[in-house]
Each structure stands twice: as C-alpha cells, then as structure tokens.
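*Asks:* any chance you could fold what I've pasted below:
(chains A and B)
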Amino acid sequence: KNQVEQSPQSLIILEGKNCTLQCNYTVSPFSNLRWYKQDTGRGPVSLTIMTFSENTKSNGRYTATLDADTKQSSLHITASQLSDSASYICVVSAINAGGTSYGKLTFGQGTILTVHP
Amino acid sequence: EAGVAQSPRYKIIEKRQSVAFWCNPISGHATLYWYQQILGQGPKLLIQFQNNGVVDDSQLPKDRFSAERLKGVDSTLKIQPAKLEDSAVYLCASSLILGWGISTDTQYFGPGTRLTVL
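*Replies:* Sure, this is the predicted structure:
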C-alpha cells in the first residue's frame, strides 16, 4: 500500500530559527515528490517538485532534499518568518499502470509549523 | 491568471440533508480533482476527471457522493444524504497534462469549501 508519513506532526519554533521537516514514503513506482504549503483556510500551494534524479531543490528560504534510495525527503526552512506558520504537506506521485493518468498522488498528513515572534 | 474558484466557501447543514459544491478550474486545465480533507489530515482524493471523463473514483463513496464535469470545464460535487463524518474541507484542484509517464506537473488548489454537518 502506498503511504507517506511525515514527522513531526507539529513543530513550534521562534522567528529567525531554522527547521527541518521529514517525509518517508513507500510509494511505488515513484514518479515525483512535492512539498506543499497550506495556510489556514486556504488550499495547498506547491513549494517544490522533485523527480527521482534530483537530490535537492530550493525555492527561496525553502530547500527540499530527496533520497530515492531510502525513500526519504526533507524540507528545510531557513530564517523562519511568522508567515511560514502553516501546514506543510508531502505529496508523492506514482506512475499509473493504466496509462490513462499521469500520476496518482499520495498525501502525507502534514506537519503543522508554528513560528512565534 | 485566475486561480481555481470554488463556492460556497462555507456550508452548514444537518445530517441527511443534501449539499452541492461547485468548482471552476484554471482555464485550459484538462484535469480536475476533488479532495476531502478532514481536520488534521492530508487531502484524500475523491475523484479525478480528465476533460469530462472519470479517471479515478476508487475512493468516492458512491452510495452518497456523486460528481460530474459535463462540459469538461467546471464541476459539481454532491453529497446526498450527508453524514456527520462528511464534515471536512472539500478541495478542488486542476492541472495541465504533460503526457503519460514522467510528469513534473503541479496541481493548483482552490480555497476549499468547509462543510459542517450537524
């Protein structure tokens, strides 16, 4: 069964500090992995997308890493800001064997990040 | 570029009542998704359309949920009758199709409709 597990479930940090969120997956056959940011009351917004050949990808203060061998990914946030307070969701895409869809997504449960001043 | 539009934003109904949600995807996006997101969980795919055809509805509770995308553009999701456990945020997303196999496509999500069933 395809699964995506994220840790920690929640995290509280002070403004300006760095943090790292973890994602482990068992999705196969692997297509790509995305990190989404979901602000309260809003839909998720994509931060990064990585295929199996990419080890790291950055988007401003967000840096995602991928180890396709161990099936782990991390999202590192540098110099956190109050606006980083949100849920961060790891989403892994599998190639659909039926061929009629470009991929089937498995969502993690999310990590709730709270940044305090 | 306009994003994915959803309405209503909030809905409160009593159990056993019916409810419908509407979604207008980003113009030109062939694929449309409906997700159910229960508080504290990640989104769960209910149904995926490609144009006006259903690609995946394996997790749609078909005894009470239905969805359509008749003209391949906007879509409606209906619940009839609603149960207490249907309380959730219903997210609509859309995406372009790059082709079968490897894809780095991104889903664009609407703001969601928060449903409360009393």
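
*Asks:* what does chain A put close to chain B?
*Replies:* Counting by C-beta under 8 Å from any C-beta of the partner chain, chain A comes close to chain B at A:4, A:31-32, A:34, A:41-46, A:49, A:51, A:89, A:91, A:93, A:95, A:99-105, A:107-110. Any C-beta I mention is one placed from the backbone N, CA and C, and that applies to glycine too.

*Asks:* report the contact partners of the nearest residue in space to A:Lys1 that is not next to it in sequence.
*Replies:* Nearest residue to A:Lys1, sequence neighbours excluded (C-beta to C-beta, 6 or more residues apart in numbering or on different chains): A:Thr26, at 7.5 Å. Contact analysis of A:Thr26 by C-beta atoms under 8 Å, 6 or more residues apart in numbering or on different chains lists A:1-4, A:71.

*Asks:* name the nearest of those relative to chain B.
*Replies:* The nearest member of the contacts of A:Thr26 to chain B, counting by C-beta to the nearest C-beta, is A:Val4 at 7.6 Å.

*Asks:* count of neighbours near the closest one?
*Replies:* 23 (other C-beta atoms under 10 Å in any protein chain shown).

*Asks:* pick out the residue of chain B closest to chain A.
*Replies:* B:Phe109 (2.9 Å).

*Asks:* which non-adjacent residue is nearest that residue?
*Replies:* Nearest non-adjacent residue to B:Phe109, counting by C-beta to C-beta, 6+ apart: A:Gly43, 2.9 Å away.

*Asks:* just the buried members of the residues of chain A next to chain B?
*Replies:* A:4, A:31-32, A:34, A:42-44, A:46, A:49, A:51, A:89, A:91, A:93, A:95, A:101-105, A:107-110 (16 or more other C-beta atoms under 10 Å in any protein chain shown).

*Asks:* mind checking the SS state of the most centrally placed residue in chain B?
*Replies:* By C-alpha atoms, centre = their mean, the mean C-alpha position of chain B lies nearest to B:Trp34, the distance being 2.1 Å. Of the three states, B:Trp34 takes strand under DSSP: H, G, I helix; E, B strand; the rest coil.

*Asks:* so what's it up against?
*Replies:* B:23, B:45-47, B:67, B:75, B:77, B:90-92.

*Asks:* could you give the bridge partners of it?
*Replies:* B:Ile47, B:Cys92 (DSSP bridges).

*Asks:* pLDDT at it, what is it?
*Replies:* At B:Trp34, the pLDDT value in this model is 96.

*Asks:* same deal with B:Leu45?
*Replies:* 90.

*Asks:* correct me, but it touches B:Thr31?
*Replies:* No: counting by C-beta atoms under 8 Å, B:Leu45 does not reach B:Thr31; the two are 11.7 Å apart.

*Asks:* now do the contacts for the residue of chain B closest to chain A.
*Replies:* B:Phe109 neighbours (C-beta under 8 Å, 6+ apart): A:43-45, B:4, B:91-93.

*Asks:* repeat the analysis, applying 10 Å as the threshold.
*Replies:* Residues counted as contacts of B:Phe109 (C-beta atoms under 10 Å, 6 or more residues apart in numbering or on different chains) are A:36, A:38, A:42-46, B:3-4, B:6, B:33, B:35, B:37, B:43, B:91-94.
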